[in-house]
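In: No letters, just coordinates:
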Ligand code: UDP
């Protein structure tokens, strides 16, 4: 039987496919390639199509023997979600309902769902626990939380079991150097900093320097994409071994400020990396740091690349060898 990975040609999806293949899983990748890259799919069977198309997704389940689903396919850009929230509801919520409906009809009862720290909004505690309140401050986070709630009822009423993984800041690239981060337009801090190091961008803008943090810039919890990917394999095996649904945070439990990230990138790249102060970005919480104790304890998740210097080194290798992303 196969594992269906929606959005498997995206950044985290492609790294998860790589981990699944290493674990000898049979993988089907479903991706519209609207934002994914077919070059990032290192193996398995790629089916191109869109989850917004109900007939298409029903057909995928009819024609394949699917054991479980790992669901990444979604829009992820917070700024874009505030400009066009309905597009996000359509692609992130309606698509997932189509997927759950197809799963239900085909009798597929296991799903790992790609969620986000953005479901918490402005945190009440640091580090953030899975039981803390969820009050998203943007439509992106709200669409992910809406799906989480649908999953809860799909579990209790339909018996579809889930593991929800709430990611903090996914970063870095695969150790092989073959796959990495390629968003267009790029909005994430580490790739933007490395574009400055490569001379593709003049400077990195620091969004706000008067946050209530030691150096005034926002603090985030950066987690290596392969460690993140590995958690999906553990989540899948958990669904195979016991019948309970769970929510887990995924971060390193250690925060770095924007200024600290730039400083480490200077060290890794040996480049000066010019920074300039810019206005705050709306809806950016000052500090987001995860407690990942639950997944460490329950699923024995053991991050291998949890040092920020290593994370940036892997990203730097990817960006140096792929300055135009998958267009080389
Ligand atoms: N950030 C920044 N300049 C940029 C991009 C991001 O100062 O050009 C900051 C942003 O305000 C946040 C942190 O870097 O505090 C990480 O942002 P990113 O978009 O990478 O991830 P997010 O935390 O929003 O998911």
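Out: Ah, there it is. Being a predicted model, the structure only gives us computed values, none of them experimental. Residues are numbered from 1 along each chain as shown.
In: Pick out the residue of this protein closest to the ligand.
Out: residue 218 (3.0 Å; Cβ to the nearest ligand atom). No exception for glycine: its C-beta is placed from N, CA and C like everyone else's.
In: burial of that residue, as a residue count?
Out: Using other Cβ atoms under 10 Å, residue 218 is surrounded by 25 other residues.
In: And it, its phi and psi?
Out: phi -60, psi 150 (degrees, to the nearest 10).
In: now stretch 107-124, how far from the chain's geometric center?
Out: 10 Å (Cα atoms, centre = their mean, to the nearest Å).
In: still on that earlier bit, I figured the residue of the chain closest to the ligand hits residue 211, correct?
Out: Yes - using Cβ atoms under 8 Å, residue 218 is in contact with residue 211, at 5.6 Å.
In: in the least confident helix or strand in the chain by mean pLDDT, what's buried?
Out: The weakest-scoring helix or strand in the chain, judged by mean pLDDT, DSSP states H and E, is helix 78-83 (a mean of 92). For helix 78-83, a neighbour-count test (16 or more other Cβ atoms under 10 Å) marks 78, 80, 81 as buried.
In: any chance of the residues you listed in CSV, plus distance to the ligand?
Out: Shown next, in CSV, are the buried residues of helix 78-83 (distance: Cβ to the nearest ligand atom, whole Å):
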residue, distance to the ligand
78, 6
80, 12
81, 11
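In: Now do the SS call for the spatially most distant residue from the centre of the chain.
Out: When distances to the mean C-alpha position of the chain are computed (Cα atoms, centre = their mean), the maximum falls on residue 272, with 29.3 Å. Counting by DSSP: H, G, I helix; E, B strand; the rest coil, the backbone at residue 272 sits in coil.
In: cool, and the one 4 residues further on?
Out: Secondary structure, three-state DSSP: residue 276 is strand.
In: For the nearest residue to it once chain neighbours are set aside, give me its contacts.
Out: Closest residue to residue 276 apart from its sequence neighbours, by Cβ to Cβ, 6 or more residues apart in numbering: residue 203 at 4.9 Å. Residue 203 sits next to 196, 274, 275, 276 when contact means Cβ atoms under 8 Å, 6 or more residues apart in numbering.
In: try residue 300
Out: When the contact criterion is Cβ under 8 Å, 6+ apart, the partners of residue 300 are residue 234.
In: quick one on the thing from earlier: where do the contact lists of residue 218 and residue 211 overlap?
Out: Joint contacts of residue 218 and residue 211 (Cβ under 8 Å, 6+ apart) are 286, 287.
In: For burial, what's the neighbour tally of residue 27?
Out: When counting by other Cβ under 10 Å, one arrives at 23 neighbours for residue 27.
In: oh sorry, the question was meant for residue 293
Out: Counted by other Cβ under 10 Å, the residues lying close to residue 293 total 14.
In: Nearest spatial neighbour of it, chain-adjacent residues omitted?
Out: residue 253 (7.8 Å).
In: Roughly how far does the one you found sit from residue 292?
Out: Separation of residue 253 from residue 292 (Cβ to Cβ, to the nearest Å): 6 Å.
In: More neighbours: which of those two?
Out: residue 292 (26 against 18).
In: does residue 189 really touch residue 259, like I thought?
Out: No - with contact defined as Cβ under 8 Å, residue 189 and residue 259 do not form a contacting pair (11.0 Å).
In: Near the ligand, which residues of this structure? Just list them.
Out: Residues of the chain lying close to the ligand by Cβ under 6 Å from any ligand atom are 78, 169, 187-189, 192, 204-207, 218, 220, 258, 281, 284.
In: Any of those buried? List them.
Out: Judged by 16+ other Cβ under 10 Å, buried ones among the residues of the chain next to the ligand: 78, 169, 188-189, 192, 204-207, 218, 220, 258, 284.
In: Return the subset of the residues you listed lying in helices.
Out: Within those, residues falling in helices by DSSP state H are 78, 189, 192, 258.
In: all helices for the stretch 1-150 of the chain, in order.
Out: Under the criterion DSSP state H, counting those that start in this stretch, helices of the stretch 1-150 of the chain are mapped to 11-22, 54-63, 78-83, 85-88, 95-106, 139-158.
In: highest average neighbour count across the ones you listed?
Out: The highest mean neighbour count among these, using mean count of other Cβ atoms under 10 Å, belongs to helix 11-22: a mean of 24.
In: For residue 30, name its beta-bridge partners.
Out: Per DSSP bridges, the residues bridged to residue 30 are residue 6, residue 47.
In: wait, isn't it in contact with residue 6?
Out: Yes - look at residue 30 against residue 6 with Cβ under 8 Å: they come within range, at 4.8 Å.
In: Quick check: neighbours shared by those two?
Out: 51, 73.
In: And the pLDDT at residue 84?
Out: pLDDT for residue 84: 95.
In: what's the closest of the buried residues of helix 78-83 to residue 123?
Out: residue 78 (15.8 Å; Cβ to Cβ).
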